[in-house]
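model this:
(chains A, B, C and D)
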2 protein chains.
Amino acid sequence: MTETDSLPERKRGSGVKMVYDLLRDEILDLKIAPGSPIDEVQLAERFKMSRTPIREALVRLAGEGLIETLPNRSTMVSNIDFMNLHTFFDALVLMYRVTTRLAAQSHRPEDLAVIRGFHEDYAAALAARDSLTMIATNAAFHASIAEAGRNPYFTSLFRRLLDEGRRILQLYYQSYEEQFPQRFVDEHAAIIAAIEARDIDEADRLGKAHAEAIVAQVQKLFSRNDRLDIAL
Amino acid sequence: MTETDSLPERKRGSGVKMVYDLLRDEILDLKIAPGSPIDEVQLAERFKMSRTPIREALVRLAGEGLIETLPNRSTMVSNIDFMNLHTFFDALVLMYRVTTRLAAQSHRPEDLAVIRGFHEDYAAALAARDSLTMIATNAAFHASIAEAGRNPYFTSLFRRLLDEGRRILQLYYQSYEEQFPQRFVDEHAAIIAAIEARDIDEADRLGKAHAEAIVAQVQKLFSRNDRLDIAL
DNA sequence: TGCATTTTATTTGTCGACAAGAAAAATACA
DNA sequence: TGTATTTTTCTTGTCGACAAATAAAATGCA
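Presented below is the predicted three-dimensional model:
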């Protein structure tokens, strides 16, 4: 894998963001497994910079819960807390509802173009059966709806949940080569229509149903796994 | 004001947390005004440590939105966004509801002791007319209810909102020497009772009413200020 | 061999120094 | 006197080095 080569000229201050963005994506795409140790020196060599900016990127990632750092001892990629998945699902469903609802209420015409853009990206990824892109664009689609709702508090929590969801869905599609249902695309289209029509209750209802459908699928998988674990 | 003196012996790793906690409190208590510049060198001198741990504390504070940092140029205490207070109130009311509701559903007996502790602290602060302590213990009271609900996603958003609320309430009680209503203490007691009885709907209802009462009070003040601003 | 203790190794936390960027001050020029 | 340009100043971003803390390895001892 060819890394960051040929350009030792980096603009002052861009290093942190670069390391942050890259590590974040690698974590969310499960390119680095949960629980993996993270070595500052190694990263410093890889990105050809000193430990200081690396450290700052790590502090930020820790702030978002993507990595965990034991005092004086290693820092590692956060594990997925399977024991408490239900708290994740609770929060996710509520945020799906709230953000979709607010989007129907507060969106501006130009927001719809952005949302439709991600909607099409998602449909394309599904047609291409590219699960990694599907997962990322699905998250981007819902995040753009949240942005249209214009409540930064909800948006930031929802983004965090969608991020965590990327890791979980990754697992989901890794273990089972499920059929990616066309249904999700249709539901997205329906949600867009409700937002455009400013039908708040319908947006809420669709958001809730959409979220619960996804949650139900994932839960079905994990309950199967749970039984296996117990059986062994 | 005598500062951190006489103990140059600090444990390795404790410096960051100390600076973080102290700055956080000073920001939330409005001891440092919104918009004030923050100088790393000055802080380094004040705490008698190098800029590196100071910097880490600042990065964390920035992650929570308490300070804002302009690239290559100063970093300052975040301003309170009066234009979009309604988004804050929306989020606050919803989180009051959700966390109170979850506490009624999921709390354990030992949680109630903690909650009652903050409840009494709050009542004592009110009796003493100590608004600063009132505001802080009120936030701690509701945060402890959220903890009893055991959903870390909701808890962390709610904590952030309560923090921001501390700054806003500070303004509120600074500009007007309002009567601190006994009513809030009674409402807190009613909320505790509903949680203990595991009456989810009642907890939700009380949480919502309590939140809306506070919001209404603050909005009344700010709408007065708004009119003044327009008049000038 | 099995366990306690010392030694080594590895990784983090902190430091002081230096250079880049941007604002403020000083200078030049009309 | 007023504006454009250069110089200075001040703050941040980055670096390499060192010391503390912990884990792993080595040693001693029964």
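
going forward, measure contacts between C-alpha atoms and count neighbours the same way
Will do.

so how far is DNA strand C from A:Arg60?
From A:Arg60 over to DNA strand C the distance is 13 Å, taken as C-alpha to the nearest atom of the strand, to the nearest Å.

same for the host helix or strand of that residue, what does it pack against?
Using DSSP states H and E, A:Arg60 sits in helix A:51-63. On a contact count with 3 or more C-alpha pairs under 8 Å, 6 or more residues apart in numbering or on different chains; DSSP states H and E, helix A:51-63 meets helix A:14-28, helix A:40-47, strand A:67-69, helix B:51-63.

residues in contact with stretch A:90-108?
Outside stretch A:90-108, the residues that touch it by C-alpha atoms under 8 Å, 6 or more residues apart in numbering or on different chains are A:142, A:145-150, A:154-155, A:158, A:161-162, A:191, A:194-201, A:203-208, A:211-212, B:151, B:153-154.

and chain B, is the longest helix anywhere in chain A touching that?
Across chain A, the helix with the greatest residue count (assigned by DSSP state H) is helix A:200-231. No - judged by C-alpha under 8 Å from any C-alpha of the partner chain, helix A:200-231 stays clear of chain B, getting no closer than 14.8 Å.

pLDDT of that helix, averaged?
For helix A:200-231, the mean per-residue pLDDT is 82.

next: stretch A:115-122.
On average, stretch A:115-122 scores 97.

and if you look at stretch A:162-172?
Averaging pLDDT along stretch A:162-172 yields 91.

dump it to PDB, restricted to CA.
Provided in PDB are the C-alpha atoms of stretch A:162-172 (Å, rounded to 0.1, in the frame of the first residue of the first chain):
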ATOM      1  CA  LEU A 162     -24.000   7.200  12.300                       C
ATOM      2  CA  ASP A 163     -20.300   6.800  12.600                       C
ATOM      3  CA  GLU A 164     -20.700   4.100  15.200                       C
ATOM      4  CA  GLY A 165     -23.300   2.600  12.900                       C
ATOM      5  CA  ARG A 166     -20.800   2.400  10.100                       C
ATOM      6  CA  ARG A 167     -18.700   0.000  12.100                       C
ATOM      7  CA  ILE A 168     -21.700  -2.100  13.000                       C
ATOM      8  CA  LEU A 169     -23.100  -2.300   9.500                       C
ATOM      9  CA  GLN A 170     -19.700  -3.200   8.300                       C
ATOM     10  CA  LEU A 171     -19.700  -6.200  10.500                       C
ATOM     11  CA  TYR A 172     -23.200  -7.000   9.400                       C
END
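
if you count neighbours, what's buried in it?
For stretch A:162-172, the neighbour count (16 or more other C-alpha atoms under 10 Å in any protein chain shown) marks A:Leu162, A:Asp163, A:Glu164, A:Gly165, A:Arg166, A:Arg167, A:Ile168, A:Leu169, A:Gln170, A:Tyr172 as buried.

which residues of chain A lie near chain B?
So chain A meets chain B at A:13, A:56, A:59-60, A:63, A:71-72, A:87-88, A:91, A:150-154, A:157 (C-alpha under 8 Å from any C-alpha).

between those, which is nearest B:Leu30?
Proximity of the residues of chain A next to chain B to B:Leu30 (C-alpha to C-alpha) peaks at A:Tyr153, which lies at 21.3 Å.

so that closest one is in which element?
Element membership for A:Tyr153, per DSSP H and E: helix A:152-175.

now A:Lys11
Using DSSP H and E, no helix or strand contains A:Lys11.

got the contact list for it?
For A:Lys11, no contacting residues are found, by C-alpha under 8 Å, 6+ apart.

what's the spacing between it and B:Arg150?
Between A:Lys11 and B:Arg150 the computed distance is 43 Å (C-alpha to C-alpha, to the nearest Å).

mind giving me the domain ranges of chain A?
A:14-77, A:82-231 (automatic domain parsing).

how about a markdown table for the ones you listed, with distance to B:His107 added?
Output for those, formatted as a markdown table (distance: least, C-alpha to C-alpha, whole Å):
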| stretch | distance to B:His107 |
| --- | --- |
| domain A:14-77 | 24 |
| domain A:82-231 | 14 |
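
go through these and find the least confident stretch.
For the domains of chain A, the weakest mean pLDDT is recorded on domain A:82-231, namely a mean of 91.

and whichever residue of chain A sits closest to DNA strand C, helix, strand or coil?
Nearest residue of chain A to DNA strand C (C-alpha to the nearest atom of the strand) works out as A:Asn72 at 3.7 Å. Look at A:Asn72: counting by DSSP: H, G, I helix; E, B strand; the rest coil, its state is coil.

these two touch, right, A:Ala203 and A:His188?
No - the criterion here is C-alpha atoms under 8 Å, and A:Ala203 misses it with A:His188 at 10.7 Å.

ok, now how distant is the residue lying closest to A:Phe158 once chain neighbours are set aside from A:Ala104?
Nearest residue to A:Phe158 in three dimensions, chain neighbours excluded: A:Met95, at 6.0 Å (C-alpha to C-alpha, 6 or more residues apart in numbering or on different chains). Going from A:Met95 to A:Ala104 by C-alpha to C-alpha gives 14 Å.

who's more crowded, A:Ala203 and A:His188?
The residue with more neighbours, out of A:Ala203 and A:His188, is A:Ala203; 29 against 22, by other C-alpha atoms under 10 Å in any protein chain shown.

how about the more buried one, what does it touch?
Contacts for A:Ala203 (C-alpha under 8 Å, 6+ apart) come out as A:Arg97, A:Thr100, A:Arg101, A:Ala104, A:Ile191, A:Ala194, A:Ile195.

A:Val114: which of these is nearest?
Using C-alpha to C-alpha, the contacts of A:Ala203 come closest to A:Val114 at A:Ile195, 13.1 Å.

that closest one: what secondary structure?
Following three-state DSSP, A:Ile195 is assigned to helix.

what sits against it?
A:Thr100, A:Arg101, A:Ala103, A:Ala104, A:Gln105, A:His107, A:Ala203.

cutoff 10 Å now
By C-alpha atoms under 10 Å, 6 or more residues apart in numbering or on different chains, the contact list for A:Ile195 reads A:100-107, A:112, A:145, A:148, A:189, A:201-204.

please apply the same query to A:Asn151.
Shown in contact with A:Asn151 (C-alpha under 10 Å, 6+ apart): A:Val98, A:Thr99, A:Leu102, A:Ala103, A:Ser106, B:Asn84, B:His86, B:Thr87, B:Phe88, B:Asp90, B:Ala91.

top of the residues you listed by neighbour count?
A:Ala103 leads the contacts of A:Asn151 on contacts (other C-alpha under 10 Å) with 30 neighbours.

can you give me the neighbour number for A:Arg101?
As a burial measure, A:Arg101 scores 28 neighbours (other C-alpha under 10 Å).

so where does it fall, helix or strand?
Here A:Arg101 is assigned to helix A:85-106, by DSSP H and E.

buried ones in stretch A:17-32?
Quick answer for stretch A:17-32 (16+ other C-alpha under 10 Å): A:Val19, A:Tyr20, A:Leu23, A:Arg24, A:Asp25, A:Ile27, A:Leu28, A:Asp29, A:Leu30, A:Ile32.

distance from that stretch to the middle of the chain?
12 Å (C-alpha atoms, centre = their mean, to the nearest Å).

just the C-alphas of that stretch, formatted as PDB.
The C-alpha trace of stretch A:17-32 is given here as PDB (Å, rounded to 0.1, in the frame of the first residue of the first chain):
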ATOM      1  CA  LYS A  17      -6.400  17.200  10.100                       C
ATOM      2  CA  MET A  18      -4.900  14.800   7.700                       C
ATOM      3  CA  VAL A  19      -4.000  12.200  10.300                       C
ATOM      4  CA  TYR A  20      -7.400  12.700  12.000                       C
ATOM      5  CA  ASP A  21      -9.400  12.200   8.800                       C
ATOM      6  CA  LEU A  22      -7.400   9.200   7.700                       C
ATOM      7  CA  LEU A  23      -7.400   7.400  11.000                       C
ATOM      8  CA  ARG A  24     -11.100   8.100  11.400                       C
ATOM      9  CA  ASP A  25     -12.000   6.600   8.100                       C
ATOM     10  CA  GLU A  26      -9.800   3.600   8.700                       C
ATOM     11  CA  ILE A  27     -11.500   3.000  12.100                       C
ATOM     12  CA  LEU A  28     -15.000   3.400  10.700                       C
ATOM     13  CA  ASP A  29     -14.300   1.200   7.700                       C
ATOM     14  CA  LEU A  30     -12.900  -1.400  10.100                       C
ATOM     15  CA  LYS A  31      -9.600  -1.300   8.300                       C
ATOM     16  CA  ILE A  32      -8.200  -1.100  11.800                       C
END
